[in-house]
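S.K.: sequence first, then the predicted structure:
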Amino acid sequence: MTDETTIARLIRAARDVQGRAYAPYSHFRVGAALLGEDGTVYTGCNVENASYGLTICAERNAIFHAVACGCRRFAALVITGDSKDLTAPCGACRQVMAEFAIPEIILARPDDSYETFTLQQLLPLTFDESSMA
Ligand SMILES: O=c1ccn([C@H]2C[C@H](O)[C@@H](CO)O2)c(=O)[nH]1
Ligand SMILES: [Zn+2]
């Protein structure tokens, strides 16, 4: 379990990167802050494109950023966004979270209150490596 001080730090990091989202089409900004097992925080924001389908979500941006930095083991992921309530990840991001078995997924509200979910809650009956055994 990630302690409250660390979660507060992750929410702050997610809000900061949310502010750098490139979302001229949807005007919906998302920020993600991923805590590596080594204590490093990796962030990502959504980056849109005039060819809409090329858009990358904040969560996948953060995960790919971490992997590119050499980190593959994670403790928690915080997601912030422009939703009126919790900002929930899309299905594609849930699938990528499953690839790296992110244990704690924390969805924040605009007032910085939050709720914590497991991957099992967000993506039951997951397709993963074991599905192909
Ligand atoms: O999991 C999600 C879902 C959506 N978005 C972004 C993509 C797009 O830029 C905007 C509206 O869909 O929100 C994310 O960053 N993460
Ligand atoms: Zn997504």
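M.R.: Okay, I see it. Ligands and ions are numbered 1, 2, ... in the order given.

S.K.: what distance do you get for F64 to A33?
M.R.: Per CB to CB, to the nearest Å, F64 is found 14 Å from A33. From N, CA and C alone the C-beta is placed, and that goes for glycine too.

S.K.: more crowded one of the two?
M.R.: A33 (28 against 14; other CB atoms under 10 Å).

S.K.: what strand or helix carries the more buried one?
M.R.: strand 30-36 (DSSP states H and E).

S.K.: strand partners of that strand, parallel vs antiparallel please.
M.R.: Sheet pairing here is set by DSSP bridges, and for strand 30-36 it gives strand 41-45 (antiparallel), strand 74-81 (antiparallel).

S.K.: do that strand and ligand 2 meet?
M.R.: No. Using CB under 5 Å from the ion, strand 30-36 stays clear of ligand 2, with a minimum separation of 8.0 Å.

S.K.: how about that strand as CSV, C-alpha atoms only?
M.R.: C-alpha atoms of strand 30-36 as CSV (Å, rounded to 0.1, in the frame of the first residue of the first chain):
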residue,chain,number,x,y,z
VAL,A,30,-5.1,13.9,-18.5
GLY,A,31,-2.1,13.5,-16.3
ALA,A,32,-0.5,10.2,-15.0
ALA,A,33,2.2,9.7,-12.4
LEU,A,34,3.7,6.3,-12.1
LEU,A,35,5.7,5.3,-9.1
GLY,A,36,8.6,2.8,-9.9
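
S.K.: run the chain-centre distance for it.
M.R.: Relative to the chain's own centre, strand 30-36 is displaced by 5 Å; criterion: CA atoms, centre = their mean, to the nearest Å.
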